[in-house]
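Undergrad: Kindly return the folded structure for what I paste below:
(2 chains)
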Amino acid sequence: MSKIIQVGMADLKVARPPDKLVTAGLGSCIGICILDKSTQIASLTHIMLPSSLQAKNTDNKAKFADTGIAMVIDEMRKTGANLNGMVAKIAGGAQMFKFSGENDILKIGERNAVAVMENLEKHKIRLLAKDVGGNYGRTITFDPQTGQLLVRTIGHGEQVI
Amino acid sequence: MVEDFSKLSGIQVDALREIGNVGAGNAATALAQMINSRIDMSVPRVNILPFAEVPDLIGGADLHVAGIYLQVDGPAPASILFILPIEQASRLVQMLMGLPAGESKTSDFSEMEMSAMMELGNIISATYLNALSMFTQLDFIPSVPALGMDMAGALLDAVLAQFGEIADHVLVLETVFKKDNEDVVGNFFLMPEPGALNTILKALGVSI
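TA: Numbering: from 1, shown residues only, chains lettered A, B, ... in the order given. Down below sits the predicted model:
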């Protein structure tokens, strides 16, 4: 029986086929799906913020792009994943609210996307596909068996990347 | 800052609940006048939750909602989010604009309808904050409202992100508004920034 494993905000989970990983309602957050093709060990990390460096509270590593990616790679390796064969797909990073003035915090989605891509590159994980930006939420389902990432939205269709 | 929240005493939680009660009472009256219909409210709840559990308050991250978001500036900064299931938002707007009750819709809202939704959030927030000001003698200065219509989780994470750098938990002062005592109209969330909570409690004379 395949299970659907839910990943909450600022959370990460590792799974193997036939289980699937789901995270619902990504706004400015980003869902990072990493797959080691050789072992089919996969992970989904739901990060909220680009960097732990300026944060006053870094207890939860899954909250940040930098520490979240480092931690999930470590978790995957502990379960037997091979560091060299890792590839990634990402989705999210939207701007959900529009204010008239300039406001940095509300561009957080954009900054999250940049930080995630930088950190994937730093760990030499190849980014195969991304669906980021826009002004709408996303619910994503990652299937480690096929490596397919299903992105559902409200009013902006649904696609597999 | 998590310690701050978990250290809240019974008296402090009661004090927060009481200001929530008065604030929401004012807001319910304003809302009732606007739509010319009776509005009831729940007893406010003080929730201290990890981020991941906040969407559960409104029925899950996937739920299609309208969210009106205001940033509150001043000595005790906070965020306000008024979240309504999209069908309810549609119905409220029809009542607000004096239109006959038609099919509630979930998309293709006109500029006018969206502007009415923002005004709704504006008035509820302003009346709520007025009460809060009277209690605490603090100034609360709301921003212009921003509107989002999408998945509840997506709207929430955009708001919660700003708490993320200092906290893993958020304090949500929650009130549920109901029309004719059954239909849930919307959930009103006041989320003080972690430092702001202390300022509010101090002003209420029950400081940590």
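
Undergrad: mind checking pLDDT for whichever residue of chain A sits closest to chain B?
TA: Closest to chain B within chain A is A:Gly25: 1.9 Å, counting by C-beta to the nearest C-beta. For the C-beta atoms, the positions are set from N, CA and C on the backbone; glycine is no exception. If you check A:Gly25, the pLDDT there is 90.

Undergrad: pretty sure it belongs to a strand, no?
TA: Yes. Using DSSP: H, G, I helix; E, B strand; the rest coil, the assignment for A:Gly25 is a strand.

Undergrad: what number of residues lie near it?
TA: If you count neighbours by other C-beta atoms under 10 Å in any protein chain shown, A:Gly25 ends up with 27.

Undergrad: Quick check: it vs B:Pro85, distance?
TA: Here the distance between A:Gly25 and B:Pro85 works out to 14 Å (C-beta to C-beta, to the nearest Å).

Undergrad: what's around residue 17, how many residues?
TA: The chain I'm using is chain A. Neighbours of A:Pro17 under the rule other C-beta under 10 Å: 13.

Undergrad: um, chain B though
TA: Using other C-beta under 10 Å, B:Arg17 is surrounded by 15 other residues.

Undergrad: Same check on A:Asn84?
TA: Burial measure for A:Asn84: 8 neighbouring residues, criterion other C-beta under 10 Å.

Undergrad: Which stretches in chain B count as strands?
TA: For chain B, applying DSSP state E gives strands covering B:39-41, B:45-50, B:64-73, B:78-85, B:141-142, B:146-151, B:169-179, B:183-192.

Undergrad: State the distance from the residue in chain B that chain A sits nearest to to A:Gly93.
TA: Closest approach between chain B and chain A, counting by C-beta to the nearest C-beta: B:Gly153, at 1.9 Å. Distance of B:Gly153 to A:Gly93, given as C-beta to C-beta: 14 Å.

Undergrad: And for A:Gln148?
TA: A:Gln148 sits at a distance of 20 Å from A:Gly93 (criterion: C-beta to C-beta).

Undergrad: interface residues of chain A facing chain B?
TA: A:8-11, A:24-29, A:48-49, A:54-57, A:59-60, A:63, A:94-100, A:105-106, A:108-109, A:136-139, A:154-155 (C-beta under 8 Å from any C-beta of the partner chain).

Undergrad: before we move on, back to that, and the residue of chain A closest to chain B, what is it in contact with?
TA: The neighbours of A:Gly25, taking C-beta atoms under 8 Å, 6 or more residues apart in numbering or on different chains as the test, are A:137-139, B:55, B:61-62, B:151-154, B:156-157.

Undergrad: any idea of the pLDDT on A:Ala115?
TA: If you check A:Ala115, the pLDDT there is 94.

Undergrad: Dihedrals phi and psi, it?
TA: Torsion angles at A:Ala115 (phi, psi; degrees, to the nearest 10) stand at phi -60, psi -40.

Undergrad: Tell me how many other residues crowd the closest residue to it other than its chain neighbours.
TA: Nearest residue to A:Ala115, sequence neighbours excluded (C-beta to C-beta, 6 or more residues apart in numbering or on different chains): A:Pro50, at 3.4 Å. A:Pro50 has 25 neighbours, counted by other C-beta under 10 Å.

Undergrad: which sections of chain B are below the confidence cut-off?
TA: B:1-6, B:101, B:181-184, B:208 (pLDDT under 70).

Undergrad: hmm, 50 instead?
TA: Within chain B, the ranges that satisfy pLDDT under 50 run B:1-3.

Undergrad: List, one by one, the residues from it near chain A.
TA: Residues of chain B lying near chain A by C-beta under 8 Å from any C-beta: B:1-2, B:50-55, B:60-62, B:64, B:69, B:107, B:143-144, B:146-148, B:150-162, B:164-168.

Undergrad: Inside helices: which ones of those residues?
TA: Among the residues of chain B next to chain A, the members falling in helices (DSSP state H) are B:2, B:152-162, B:164.

Undergrad: So how do I select the buried members of those residues in ChimeraX?
TA: ChimeraX command restricting these to the buried ones, with burial defined by 16 or more other C-beta atoms under 10 Å in any protein chain shown:
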select /B:152,153,154,155,156,157,158,159,160,161,162,164
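
Undergrad: can you tell me which two in the ones in helices among the residues of chain B next to chain A are farthest apart?
TA: Pairwise distances across these peak at 24.8 Å for B:Val2 and B:Ala154 (criterion: C-beta to C-beta).

Undergrad: The residue nearest the centre of chain A and B:Arg91, how far apart?
TA: Nearest to the mean C-alpha position of chain A, counting by C-alpha atoms, centre = their mean, stands A:Ile32 at 1.8 Å. A:Ile32 sits at a distance of 38 Å from B:Arg91 (criterion: C-beta to C-beta).

Undergrad: Report the buried residues of the strand or helix carrying A:Phe142.
TA: Using DSSP states H and E, the element containing A:Phe142 is strand A:138-143. For strand A:138-143, the neighbour count (16+ other C-beta under 10 Å) marks A:138-143 as buried.

Undergrad: again, but for stretch B:110-122
TA: B:113, B:116-118, B:120-122.

Undergrad: List just the nearest of the contacts of A:Gly25 to A:Lys130.
TA: Of all the contacts of A:Gly25, A:Arg138 has the smallest distance to A:Lys130: 11.4 Å, by C-beta to C-beta.

Undergrad: Let me see the contact set for that closest one.
TA: A:Arg138 neighbours (C-beta under 8 Å, 6+ apart): A:25-26, A:31, A:91-92, A:94, A:131, A:151-153, B:151, B:154.
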